[in-house]
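1. next come a sequence and a model predicted from it.
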Amino acid sequence: MILRRLARPMLAAIFISGGVNALRAPEAHAEAAKPFLHDAMGKVGDKLPEQVPTDPTTLVKIDGMVKVGAGLALAFGRFPRLAALLLSGSLVPTTLAAHRFWEEKEPERRQEQQIHFVKNVGLLGGLMLAAADTAGKPSLGWRARRAGHVLGEHAHEFGEWAQDTTHTVGAAPKKAKKALRSVLPG
């Protein structure tokens, strides 16, 4: 649909741009993230495995790579639902780290940060819609429920058929394949 082809790149653009900026100047972004990371590491730092980086600059670089990679995937429609989930997972800590308006003392600065915070909440809403968008195809949950229902109907028929001793054993796989074909797409 044309709407998806236009909307996904538009939504992805801010993440790609932000990711590139974070990769170009990770130190500046890391400085802004330090208070949030200090709070977060104070709560869970001792429970993290040694392999998980805790250095702010490294975390900003990883976040930047996720934003660029997932942003490009979303823009080009490659695994858009997964890309939207990855961007959502990146957006929440970024928002909490960079737009802590509740800590600002100056009214102008507080309002500026609050606007950015609310903007990011709006972006998160767009990402949630993108993550839930099945492009007109039934969801996995619907497919699973439908498969269970259809297989249940065929199981009853198959049971009656199996009780009839006039059928050969070799015909059973054909009957089962026919039942599965009616459930599975393609």
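-> Happy to help now that I have it.
2. which residues in this protein form helices?
-> Here the chain has its helices, by DSSP state H, at 2-24, 26-44, 56-75, 80-98, 107-132, 140-163, 172-181.
3. so what does the fifth one touch, helix or strand wise?
-> Using 3 or more C-beta pairs under 8 Å, 6 or more residues apart in numbering; DSSP states H and E as the contact criterion, the neighbours of helix 107-132 among helices and strands are helix 2-24, helix 80-98. Using the backbone N, CA and C atoms, a C-beta is placed for each residue, glycine as well.
4. mind putting those helices into CSV with mean pLDDT?
-> Output for the helices and strands packed on helix 107-132, formatted as CSV (pLDDT from 0 to 100):
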stretch, mean pLDDT
helix 2-24, 94
helix 80-98, 93
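5. in TSV: the ones you listed, plus mean neighbour count.
-> Formatted as TSV, the entries for the helices and strands packed on helix 107-132 read as follows, by neighbours: other C-beta atoms under 10 Å:
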stretch	mean neighbour count
helix 2-24	16
helix 80-98	19
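6. closest one to R145 among these?
-> Proximity to R145 (C-beta to C-beta) singles out helix 80-98 among the helices and strands packed on helix 107-132, at 19.3 Å.
7. mind giving me the packing neighbours of the closest one?
-> Counting by 3+ C-beta pairs under 8 Å, 6+ apart, helix 80-98 packs on helix 2-24, helix 26-44, helix 56-75, helix 107-132.
8. give me the nearest residue to the most centrally placed residue in the chain, chain neighbours excluded.
-> For the chain, the residue sitting closest to the mean C-alpha position, by C-alpha atoms, centre = their mean, is L85 at 1.4 Å. In space, and not counting its chain neighbours, L85 is closest to A131: 5.0 Å by C-beta to C-beta, 6 or more residues apart in numbering.
9. please consider this matter closed, and thank you.
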